[in-house]
Each structure stands twice: as C-alpha cells, then as structure tokens.
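J.: Got a predicted structure plus its sequence, pasted below:
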Amino acid sequence: MGDIIVISVILFFVGLAVRSMWKDHKNGGCAGCSGCSHNCGSCHSACRMNSNKAKA
Amino acid sequence: MSIKIALAGNPNCGKTSLFNVLTGSNQYVGNWPGVTVEKKEGGLKGYEDVIIQDLPGIYSLSPYSPEEVVTRTYLVNQHPDAILNIIDGTNIERNLYLTTQLLDLGYPVVIAVNMMDLVRKNGDNIDIEKLSKAMGCPVVEISALKNEGIDAAVEKVVELAKNHTHGDAPHVFKGSVEHALAHIEESIENSVDKTYLRWYAIKLFERDEIVQQEVNLPADVMAHVEQHIRDCEAEMDDDAESIVADSRYSYISDVCSRAVKKSGEKHRVTLSGKIDKIVTNRVLALPIFAGVMFLMYAIAMGGYSFSIGTMGTDWANDVLFGQWVPTLFDSILTSLGVSGWLYGLVMDGIVAGVGAVLGFVPQILVLSFLLSILEDVGYMSRVAFIMDRILRKFGLSGKSIIPMLVATGCGVPGILASRTIEQENDRKITVMTTGFIPCGAKMPIIGLFAGAVFGNSPLVATSAFFIGVMAVVISGVILKKFKAFAGKPAPFVMELPEYHLPSARNVLRSTYDRGMDFVKRATTIVLLSSIVLWFLQGYGFVDGAFMAVEDPNVSLLAAIGKAIAWIFYPLGWAGEMAWKATIATFTGLIAKEQVVSTFGTLYNFAGELSEAGDEIWAMVAADFGPVRAYSFMIFQLLCAPCFAAMGAIRREMGNMKWTVGTIAYMCGFAYVISMIVYQLAGLMLGEATLSVFTFIAVAALIALIYLVCRKGYSPEDKK
C-alpha cells in the first residue's frame, strides 16, 4: 500500500513537471531558461509569425 | 472593437516600466537601451478593450537595426488608434526628434514627459503649456518609476484614441523644403493612404529605400519627385536626409529655448556626471568594476562574516536539505513501509538531486538582488561604456556588451539581444560568444567549487565572471581575423542614464523572477533528470543479467560514462571521478543546474551521507584537487550551453551550419582553455605530471597566442 501511495505521489509530481514544461513550451517559453520566459515568448511568436508569412 | 495604443519613445526612456504599470504585467525592465527587442501587448488596467503595445525603443523612424524595424513596421502598418510618446524629460531635445516624426504620421499623439522627478531635482523646468502648443498635441508630466501623472496621461490618450482627434502637425519645415514636400504630396496622393500622405512625402524626400519600394511609383513620377529633391538640395547645399534632420533639430531647439528652462550655468556638472568622472575614468574604471564584482561575489558567495548568500546556502545544504528534508522523507517512507528501491528513488534520486540544486537558491537570490541593484541604479550601463572602450581597442563592436550583460541572468535572452547589432559579422560573433558569460544556472557550479574546494573564496567566483569576459574578448579577437567575420565594428552609441536610487519594486521583482525560475527548473527539468539518473545509476548488468546494483561503478551510468570519459583525460579527469565528471558534463547540456544535481545523485548514492549532510561536497572536493576543480569549472563555464540556449543560437544564426559551428567552437575553446589550465597550472602546483599532454597544452597555448596576435584578413588590404 505504501508503495502505491508513494508511486502515485511521484507520478503526480512528474505529471505536474511535464505539464509545466509543456505549457511553457506551448506558450513560447522554455523550461531551460531562468528569468527570460517573456523574451522567449516574444521570439517564438516572431518565429511563428515569420513561418506563417513564409507559408502564405 | 478594441482600442490600440502604442507606447513609443527612445531607448531607455521608461516605456517598459510604464507598460508594467499600465497593464499590471511583469515584463523585464532593464536600465539600459535595447531591453525590448520585440513588441509586447497587454490590456490597460481599469479599461475594457484597450490594448497597450510596448514597442522597442527607437531614435527615429528611419530604421537601422532589427528592433527599430519592428517599431516602424508596427506604427506604419498596424495603425494604432493613438500613440503615447514617452520622452525622457532630462534629455528632451534628443527625444523630441522622434516626436516630430511620430506627429508626421497623423495619429493622435500624447506626449508623456517622463522622469519629471529628476527634472525637478535638477532644478530644471519644462513649460508643459508652451510645449503642447508648439508640438500641436497634449503633453503630460509623468514619473513611471514613482507612478506619478500616469492616470492623467492614460485618460488623455484614451480620449484621443476614442475620438480619433489629433492636432495640427508642427511646422517643422520651411521655405524650399516645404515647397518640395508639397510637390511630392501632390505627386503621390493617389498612390498612398491619404492619412499618411505627409509622412510618405517626407520619407520619399529623404530617399528612404523601404518607402520607395513600398510606394513603387511609376518611373516618370519618381523622376519628377527626384527633380524636386535635387532642386531643394541645390538650394540648401546639403543632402536631403541632412536637410530634414537639420530642420527638425532647428525646430526642436527653438521650442526648447521657449519651453525648457535649465537651472544653473550652462555646463553644470550633475551628480551623475561627477560620479561618472570617477567610475568611467580611463584608469580607474576597470579596477572599480573588478572591485564591484568582487564585492558582489563576496557578499553572495564568499566566506566572510558578511557573506549572507553563503550563510543561506550553508544552512540550506547542511540543515534544510542535509537534515530536515531527508529526516522528514525518511520518517514518511519508513512509516509507509515502502520497498527499498522506492526508498532509494526518493532519497538518493529525488531528494539528493533536487536538494543539491535548491541548496544554492540563497546564493542565487543574493546575487540576483545585487545585480538588479547595480542595474537599476544605472551602473551596468556604465559597465557597457567601460567594456565598449576595451572591446573597441580589439576591433570588436561595443554593441556586444548589452547581450553579455543580459546573459548574466540567462544566456537565452542574451543571445536574443544580439539582434540589436546591425552588422551580420558582429552579430554572429556575439551569438557565438555570449554563452561564455556565467548565467544564473552556472552559479551553483561556481558556488559548489568555490565553497567545497576553495573555502568559499570570492576570488574564484569573481574570476569565473572575468574568465567569461576574457573568453568573449579573446574569441572576438580570434574570430574577427577570419574573413567571415572581418570588417569594421558597428558604431555603438549609448546614452548613459542618470543615476537614481534603485526602485524596490524593480529590484524585488527581478530577484523574485530569477529565483522563481531557478526553483521552477529545479522542480521540473532537474526533478525528471534526477529520476532518470537514479535509474541509470541504480541498475546495471552483472554477469550478463540486468539487475539493481549496489556498486555504482558497475551501473549503466558508469558504463556510459567510462565509455566516453577518455575524451576528457587531457583535462585531468582521471580515476574514480572521470566518469562522474563526464556524466555531469553531458547532463549539464539539459540544464546547467543539472551538473550540481548530478553530483548530488552520484555522490549521495553510496548512502554515506553524514548526519550533517554536507559530507557530499567534501567527497566531491576529495575527488577534485584545486587545479582539476578549477579546470573542470572553466570547462563547464565555457562549453556548449544548455539545450534552450542552443535553440536560441539556432534561431539567431538561422541555419544548422552556423549553429553546429558555434557549439563546436564553444566546446573546442572550453576544451583547450581547460586543458592548458590543468596541464600547466597542475604541473607547477604538482597536481599533474609531465606527459605528452603537457606538450600538447603548450602547443595549444602557442597556437592561441598566434591566433590572437596574427594579422588577420582585412577588406581594406584586399582592395
């Protein structure tokens, strides 16, 4: 029973970590970046904009 | 439909500070020009459907650098409903140059004269009524830093935006210029949006290539326009661009003589000027800078009685993550009666790995706090000025300084900030070298070795920063001599802001942001990596069977590490520590904090942790002698950055060839410097023995000196 509880807690936190990193990625930020997620966001949006322009 | 209000102004006039106040957002505010390189959007607090757009700072609507293009493109093509033009009240003449251009666009404009607190402090006076009348638009006094006058400015600009009302543009041009402009307006009135007729006419008069291409006039019309320009140039005996600039400055000078009263004698020296005479002095500037950095690292990472960062980290390592957290987890896991492997995963993997990184949070917070203060008072702008002088001597662009300063927080925005450099060769050099500056994620590595091996010597931490700076300079000098990077450095003009007391809000916000991002990385990417590392270290093949192993030296991780550890043998990574150092280096590519986390997992795995918990760093220190530790630290500081920074390099370089080249250069440079340090310093201090690698290190040193001193490629010589 103890194993199940601890594994569940670990999986919960791993899930939160993955979700947080995925959300950062989707919002244009990056998990590997301290203090700059806003700048990353701007850059990513600019990249997407350029990419969309190129597609068009 | 929402109302769009653009914040426009010169670099470092306080746009982002105002944007944060207006929108309640949390954008990074830096006390130097070029912090905003992309436009940012936010809803205006207290108003529905009003969007505020923070634009990168520009000096004019004739764009030269990429971020200036962003602003101009937005203003000309996105049609904001109104412009809130922020001008620096302490430097009103230069700021009004852009204002005259914004007014030409025909949008409703409100001028917000910022830094009025400093204007008053200097004893100066700006007659708002006269200024408003002369510029033909409302003028409001504000102080974004002290949150004064902002409501009035907002009310005024929203009102103008809703009513689409704007005054008459000031009569900047006279005589033959106005005559030529009138003719150009007539010639193009059917080719452009009539709202911007005046602006297009002026730009065509200036022979602005972007506008010429956009308007795409028939050849005969273009010839007619050109004839008017030439006639005007002949009459004024100057080129069209200079005529326009002179006219604007003459008008501004006239307006300021009527509306601005400067107190005291004409050339009075302000307090900032007096301080600058000392801190930017040719002889004293560098020693003062070194002293400031030493003091900062001494407070954050030193071993003195005032080193509060070290005290906090010692407590976090010894007590919080050395006793309290392990004891708590131990009692929980024991009471739950979990299996041995699960106990190991939590204690030796997660607690050891994440705890090793989180233990350095106090030092990171103190360092970020001190850096934020230096930045907010205006000292870091002076650092840019000092460094520019040094870089220019070596033929490098001073514009590389801003990315370097930004990179002290994180390499990613540092690399992105390189886009403010117009010349492609200089921009590439900056992208290739910005990663050498120790970012926040590398601080735990510095803290670990400075603390564990060098008795918390602040000299080690300070030297780490200056090694990064030296690596930038040496690399710049070497690269600049190759044909691909040759050319005159880009001119660097930077306004030095007035010194002011640091804003508690800015400093605390910046410290909090950096600290929280560090914690976030420790609890996300480091947590996941710790679990993977624990698995790889806890399992392996014994007699052909895959099973849990007691001895980490026979684990999967050890097998991987030992297979590639030979690469680093010339750097002194030998014996027991070789595979551990190799693994830490490769995991550091995920995130640089992972280097320390890896040591936490690897050294804690044997379960020999003392009650105080600090034995782990003593074990690291025992495996690394002083020279080996210093050489290892240098390699970690200079080698390829984390994946996020590599992604930024890829984006800024624009192709894989340059990206791979940059990463290879960084790794190669780190390898050579680290090898020279270990082999030569180790030989002198008795830590290394004479071997073939000693001679290779000497040859590498001679090659490095040759590359620095040789006469490189010069386009002038070619001609």
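T.: In hand now; what should we look at?

J.: Which residues does stretch B:625-637 contact?
T.: Stretch B:625-637 is contacted from outside by B:436, B:438, B:442, B:445-446, B:449, B:452-454, B:460, B:464, B:467-468, B:471, B:568, B:571-573, B:577, B:581, B:585, B:588, B:592, B:595, B:621, B:624, B:670-671, B:673-675, B:677-678, B:681-682, B:685, B:687-688, using CB atoms under 8 Å, 6 or more residues apart in numbering or on different chains. C-beta here means a position set from N, CA and C on the backbone, and glycine is covered the same way.

J.: same question, stretch B:419-434
T.: B:34, B:37, B:64-67, B:396-397, B:399-400, B:402-404, B:407, B:411, B:414-415, B:417-418, B:471-472, B:475-476, B:479-480, B:484-487, B:489-490, B:649, B:652-653, B:658, B:661-662, B:665-666.

J.: that older thread, generate a PyMOL selection restricted to the buried subset of the contacts of stretch B:625-637.
T.: To isolate the buried members of those in PyMOL, using 16 or more other CB atoms under 10 Å in any protein chain shown:
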select buried, chain B and resi 436+438+442+445+446+449+452+453+454+460+464+467+468+471+568+571+572+573+577+581+585+588+592+595+621+624+670+671+673+674+675+677+678+681+682+687+688
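
J.: Closest to the centroid, which residue in chain B?
T.: The centre of chain B sits closest to residue B:406, judged by CA atoms, centre = their mean, with a distance of 1.9 Å.

J.: before we move on, the earlier item: pull out the buried residues from the contacts of stretch B:419-434.
T.: Among the contacts of stretch B:419-434, those buried by neighbour count (16+ other CB under 10 Å) are B:34, B:37, B:65-67, B:396-397, B:399-400, B:402-404, B:407, B:411, B:414-415, B:417-418, B:471-472, B:475-476, B:479-480, B:485-487, B:489-490, B:649, B:652-653, B:658, B:661-662, B:665-666.

J.: ok, residue B:496 touching residue B:378?
T.: Yes - applying CB atoms under 8 Å as the test, residue B:496 and residue B:378 come out as touching, 7.1 Å apart.

J.: Same drill for those two, tell me which one is more crowded.
T.: The neighbour comparison of residue B:496 against residue B:378 (other CB atoms under 10 Å in any protein chain shown) goes to residue B:378, with 20 against 16.

J.: Enumerate every residue touching the more buried one.
T.: The contact partners of residue B:378, taken as CB under 8 Å, 6+ apart, are B:31, B:272, B:496, B:497, B:498, B:499, B:500.

J.: rewinding a little: residue B:710 versus the residue nearest to the centre of chain B, what's the distance?
T.: Counting by CB to CB, to the nearest Å, the separation of residue B:406 from residue B:710 is 32 Å.

J.: The lengthiest helix in chain A packs against which elements?
T.: Identified as the longest helix of chain A according to DSSP state H is helix A:2-26. Helices and strands touching helix A:2-26, by 3 or more CB pairs under 8 Å, 6 or more residues apart in numbering or on different chains; DSSP states H and E, are helix B:325-336, helix B:340-344, helix B:504-523, helix B:525-538.

J.: The ones you listed into JSON lines, with extra columns for distance to chain A?
T.: Converted to JSON lines, the helices and strands packed on helix A:2-26 look like this (distance: least, CB to the nearest CB, whole Å):
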{"stretch": "helix B:325-336", "distance to chain A": "3"}
{"stretch": "helix B:340-344", "distance to chain A": "6"}
{"stretch": "helix B:504-523", "distance to chain A": "4"}
{"stretch": "helix B:525-538", "distance to chain A": "5"}
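
J.: Lowest average confidence across these, which one?
T.: Among the helices and strands packed on helix A:2-26, helix B:504-523 carries the lowest mean pLDDT, a mean of 85.

J.: I'd like the distance from it to the chain centre, please.
T.: 16 Å (CA atoms, centre = their mean, to the nearest Å).

J.: which phi and psi does the residue in the stretch 501-650 of chain B positioned nearest to chain A have?
T.: Closest to chain A within the stretch 501-650 of chain B is residue B:644: 3.2 Å, counting by CB to the nearest CB. For residue B:644, the backbone dihedrals (degrees, to the nearest 10) come out as phi -60, psi -40.

J.: Give me the number of neighbouring residues for it.
T.: 26.

J.: pretty sure it contacts residue B:415?
T.: No - using CB under 8 Å, residue B:644 is not in contact with residue B:415, being 9.7 Å away.

J.: any idea of the mean pLDDT for the longest helix along chain B?
T.: When chain B is parsed with DSSP H, its longest helix is helix B:458-480. Averaged across helix B:458-480, the pLDDT comes to 92.

J.: which other helices and strands contact it?
T.: helix B:285-301, helix B:379-393, helix B:424-434, helix B:443-452, helix B:626-638, helix B:656-676, helix B:692-709.

J.: what's the spacing between the last one and its chain's center?
T.: Average the C-alpha atoms of helix B:692-709, do the same for its chain, and the two points are 32 Å apart (CA atoms, centre = their mean).

J.: How about the shortest one?
T.: Here the centre of helix B:443-452 is set off from its chain's centre by 23 Å, with CA atoms, centre = their mean.

J.: same deal with stretch B:133-153?
T.: 30 Å.

J.: What's the end-to-end length of that stretch?
T.: Terminal residues of stretch B:133-153 lie 17 Å apart, using CA to CA, to the nearest Å.

J.: Could you pull out the buried residues of that stretch?
T.: Quick answer for stretch B:133-153 (16+ other CB under 10 Å): B:133-135, B:137-145, B:149-150, B:153.

J.: Greatest separation within the residues you listed: which pair is it?
T.: B:133 and B:145 (27.8 Å; CB to CB).

J.: quick one: low-confidence ranges for chain B?
T.: Scanning chain B with the threshold set as pLDDT under 70 gives B:1, B:25-39, B:63-67, B:264-269, B:490-491, B:605-616, B:715-719.

J.: Show me the strands in it, by range?
T.: Taking DSSP state E as the test, the strands found in chain B are B:3-9, B:40-43, B:50-54, B:82-88, B:109-114, B:125-126, B:139-141, B:260-261, B:539-542, B:545-548.

J.: Which one of those strands lies nearest to chain A?
T.: Nearest of the strands of chain B (CB to the nearest CB): strand B:40-43, 6.5 Å.

J.: wait, does that closest one make contact with chain A?
T.: Yes - using CB under 8 Å from any CB of the partner chain, strand B:40-43 reaches chain A at residue B:40.

J.: Buried residues, that strand. List them.
T.: Within strand B:40-43, judged by 16+ other CB under 10 Å, the buried ones are B:40, B:42, B:43.
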